[in-house]
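Engineer: Sequence first, then the predicted structure:
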Amino acid sequence: EADIYQTPRYLVIGTGKKITLECSQTMGHDKMYWYQQDPGMELHLIHYSYGVNSTEKGDLSSESTVSRIRTEHFPLTLESARPSHTSQYLCASSGRDGYNQPQHFGDGTRLSIL
Amino acid sequence: QKEVEQDPGPLSVPEGAIVSLNCTYSNSAFQYFMWYRQYSRKGPELLMYTYSSGNKEDGRFTAQVDKSSKYISLFIRDSQPSDSATYLCAIGGSQGNLIFGKGTKLSVKP
């Protein structure tokens, strides 16, 4: 069982607020990822990191930002939330041995912007 | 053409049936193939992982890869109501990022 934790699980908040979604893993994985998942749609990669101080934008354009100051922690921040940010956000991590490692997911944060 | 195509269903079967879930992909450079199961309000959980053509079996689950046809399948034998979930295929290239299908929603009726 993968040890990757996301908080909060659910968040309902008003437009214009600053939001930080937390993601932590205890597996010592170098690579971490953030995905956006909408009902009936594919998971879309919005950010990833190969290690400390490494962050890259994914395939889907996002107004969010990420940081990777510690190996185990990969928070995602929205500076000013809008209704278009309403979605489920999934965090994942994978091991360091080459690129061919499966990703392990947290249970997600379901975000609703009013 | 999307890089990964997966029929979203929904698929409803009686308990005990054999279930076949499928994905096609467009890029022959894809090297490894995964199936995830996602229960409602949970994150995807890795079920099967393979990087070669042929079959891989784990209990009631069999993953099949046909690289010549760019086609992957997941078979579930003796399906149970607890198998009711959304099944996602994921396909990866050399850079380590995965491309996911939309997922097929499966319902197994008692």
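Structural biologist: That came through fine.
Engineer: And the worst-scoring helix or strand of chain B on mean pLDDT, how far out from the chain middle?
Structural biologist: Of all the helices and strands that make up chain B, strand B:98-100 has the lowest average by mean pLDDT, DSSP states H and E, namely a mean of 90. Here strand B:98-100 is found 12 Å from its chain centre; the criterion is C-alpha atoms, centre = their mean, to the nearest Å.
Engineer: Which elements pack onto the very next helix or strand once past it?
Structural biologist: Later in the chain than strand B:98-100, the nearest helix or strand by DSSP states H and E is strand B:104-109. Judged by 3 or more C-beta pairs under 8 Å, 6 or more residues apart in numbering or on different chains; DSSP states H and E, the packing partners of strand B:104-109 are strand B:11-14, strand B:19-25, strand B:85-92. The way it works is simple: take the backbone N, C-alpha and C, and place the C-beta from them, glycine included.
Engineer: which outside residues touch the longest one?
Structural biologist: The one in question is strand B:85-92. Outside of strand B:85-92, the residues within contact range by C-beta atoms under 8 Å, 6 or more residues apart in numbering or on different chains are A:43, A:99-100, A:103, B:3-4, B:6, B:21, B:23, B:25, B:30-40, B:44, B:47, B:72, B:74, B:98-106.
Engineer: Same check on the second one?
Structural biologist: Here strand B:19-25 makes contact (C-beta under 8 Å, 6+ apart) with B:3-7, B:11, B:13, B:35, B:69-76, B:79, B:83, B:87, B:89, B:91, B:99, B:101, B:104, B:106, B:108.
Engineer: switch to 6 Å and redo it
Structural biologist: B:4-6, B:13, B:70-76, B:79, B:87, B:89, B:91, B:101, B:104 (C-beta atoms under 6 Å, 6 or more residues apart in numbering or on different chains).
Engineer: average pLDDT for it?
Structural biologist: Strand B:19-25 carries an average pLDDT of 96.
Engineer: The residue positioned nearest the centre of chain A and chain B, how far apart?
Structural biologist: The centroid of chain A falls nearest to residue A:34 when counting by C-alpha atoms, centre = their mean (3.0 Å). As defined by C-beta to the nearest C-beta, to the nearest Å, residue A:34 lies at a distance of 12 Å from chain B.
Engineer: If we ignore the residues flanking it in sequence, what's nearest that residue?
Structural biologist: residue A:47 (4.5 Å; C-beta to C-beta, 6 or more residues apart in numbering or on different chains).
Engineer: The one you found: neighbour count?
Structural biologist: Residues contacting residue A:47 under the criterion other C-beta atoms under 10 Å in any protein chain shown number 23.
Engineer: what's near enough to touch it?
Structural biologist: With contact taken as C-beta under 6 Å, 6+ apart, residue A:47 is in contact with A:34, A:58, A:66.
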